[in-house]
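J.: Give me a 3D structure for the following:
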Amino acid sequence: MAVPKKKTSKSRRNMRRSHHALETVKVKENETTGELHRPHHVSPDGYYNKRQVTKAKVNR
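T.: Numbers count the residues shown, from 1 in each chain. The predicted structure follows:
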């Protein structure tokens, strides 16, 4: 089994983890109602790309 020869320093460990941070959730405004929703997802009133794709309101 492979074993590290030297202890990894706190600085090097934290530099490796620098890409692990969570990104903020992107949101956009719905053109029909003005509600916020995630891009490329159906809006709460059932619209996607300025077309109504579902009749029922999406439950969240």
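J.: Please enumerate the strands of the protein.
T.: 28-29, 36-37, 47-48, 51-52 (DSSP state E).
J.: Quick one, which of the ones you listed gets closest to S18.
T.: With CB to CB as the criterion, S18 lies closest to strand 28-29 of the strands of the chain, at 28.0 Å. Bear in mind the C-beta positions are built from the backbone N, C-alpha and C, glycine included.
J.: Show me what that closest one is packed up against.
T.: strand 36-37 (3 or more CB pairs under 8 Å, 6 or more residues apart in numbering; DSSP states H and E).
J.: Tell me which strands the strand it packs on pairs with, and in which orientation.
T.: strand 28-29 (antiparallel) (DSSP bridges).
J.: centre of the chain versus the strand it pairs with, how much separation?
T.: 14 Å (CA atoms, centre = their mean, to the nearest Å).
J.: Repeat that for stretch 7-18.
T.: 26 Å.
J.: State the mean pLDDT of that stretch.
T.: For stretch 7-18, mean pLDDT rounds to 96.
J.: buried stuff in that stretch?
T.: Within stretch 7-18, no residue is scored as buried using 16 or more other CB atoms under 10 Å.
J.: thinking again about what came up before, redo the strands of the chain as CSV? Include mean neighbour count.
T.: Shown next, in CSV, are those (neighbours: other CB atoms under 10 Å):
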stretch, mean neighbour count
strand 28-29, 11
strand 36-37, 16
strand 47-48, 16
strand 51-52, 10
